[in-house]
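Trainee: Coordinates for the following, if possible.
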Amino acid sequence: MPPTERPREKLLALGASELSDEELFTILMGKKIPAALSYPLPVLVQMDPPALIQIKGIGQAKAATLLAATEFCRRVTSRQKMLQDEQACYAFAKALLAPAEQLQYVLLLISAQRGLLAFSEAGSVLPDMAWITGMAVEAGAGRLLLIRNGWLSFSNAEGRYVMELRSACAALHIVCEGLMAVGPERFKMI
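Mentor: The predicted structure follows:
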C-alpha cells in the first residue's frame, strides 16, 4: 500500500476527520481486523470484554484498548461545555474576555451539537481567514463564532469580513455564526 493511503500517514497528512471509521479503527487497533469490521461501529463499542475477545483478532489487550478509547470519548463529550444559544456564548465570552484591557478577538470552535470544542486567542486585529477556517477544519467544528471585547458597534471592515468569513465557512460546510461584540452588560451580533 502506498504511504499516502496508509491510515496513520493519511491521518497525519489530512487530519482525522478525513479518515473512514475503518481507517480510524485500524489505527486504534494497530492493524486491520476484518472480523471486527463486520460489526457496525455502534455495536462494537457497546460490547462487553468477553464478547470483544471472542472476535478473531481481538484479544485482551485490543479489547482493553477499545474499551478505554470508548470511555475516554464518553468522558470528553460529557464534560464538553454546551453553547446552546447566543446568551450561553455571551456568558462564556464575557468571562473569557473580562481580564483583557485592550481589544482582543477570540475564536470559538463549536460542534454541530453546540458543544465547545476549542477556543483560541486571535489577536487584536481581525484574524487571517485561512487561519480561522484551518482551525475549524482541524477541530472538526460544525460551527464557529468570532468574539471581541470593546465597543458594541461594528466597523464597515468588520461587516465585510464577516460576510467573507461566512462564504468561506459555507464552502467547508461550517456554520459561521458571525462576530459577537462583548460588553460588560450585553452583547451585539453581526
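Trainee: How many residues are close by Thr70?
Mentor: 14 (other Cβ atoms under 10 Å). Yep, even glycine has a C-beta here, placed from its N, CA and C like the rest.
Trainee: hmm, I was thinking of Asn156
Mentor: Neighbour number of Asn156 under other Cβ under 10 Å is 7.
Trainee: One more: Thr133?
Mentor: For Thr133, using other Cβ under 10 Å, the count is 19.
Trainee: Do you know the pLDDT at it?
Mentor: Looking at Thr133, its pLDDT stands at 96.
Trainee: what's the spacing between it and Leu37?
Mentor: From Thr133 over to Leu37 the distance is 33 Å, taken as Cβ to Cβ, to the nearest Å.
Trainee: Likewise for Glu9?
Mentor: 20 Å.
Trainee: So between these two, which is more surrounded?
Mentor: Counted by other Cβ under 10 Å, Glu9 and Leu37 do not tie: Leu37 has more neighbours, with 17 against 13.
Trainee: Might one say that the more buried one is in contact with Glu22?
Mentor: Yes - counting by Cβ atoms under 8 Å, Leu37 touches Glu22, with 5.6 Å between them.
Trainee: Can you tell me how far the residue lying farthest from the centre of the chain is from Gly142?
Mentor: In the chain, counting by Cα atoms, centre = their mean, Gln54 sits farthest out from the average C-alpha position, at 34.3 Å. Separation of Gln54 from Gly142 (Cβ to Cβ) stands at 37 Å.
Trainee: export stretch 171-189 as CSV, just CAs?
Mentor: Output of stretch 171-189 as CSV, limited to C-alpha atoms (Å, rounded to 0.1, in the frame of the first residue of the first chain):
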residue,chain,number,x,y,z
ALA,A,171,-17.8,26.3,1.3
LEU,A,172,-16.5,24.0,4.0
HIS,A,173,-20.0,23.1,5.4
ILE,A,174,-19.3,25.0,8.6
VAL,A,175,-21.8,27.5,10.0
CYS,A,176,-20.3,30.9,10.8
GLU,A,177,-22.4,32.4,13.5
GLY,A,178,-20.7,35.8,12.9
LEU,A,179,-18.9,38.3,15.2
MET,A,180,-20.1,39.0,18.7
ALA,A,181,-19.1,42.2,20.4
VAL,A,182,-19.0,41.6,24.2
GLY,A,183,-19.7,44.4,26.6
PRO,A,184,-19.9,44.3,30.4
GLU,A,185,-23.7,44.1,30.5
ARG,A,186,-24.8,43.0,27.0
PHE,A,187,-23.6,41.8,23.6
LYS,A,188,-24.3,42.5,19.9
MET,A,189,-24.0,40.2,16.9
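Trainee: Start the count at 53 instead of 1 going forward.
Mentor: Sure, I'll start counting at 53 from here, so that last one is stretch 223-241.
Trainee: Please work out which residues outside it touch it.
Mentor: 138, 141-142, 145-146, 149, 162, 185, 188-189, 193-206, 210, 213-214, 217-218, 220-222, 242 (Cβ atoms under 8 Å, 6 or more residues apart in numbering).
Trainee: Fine by me, thanks again.
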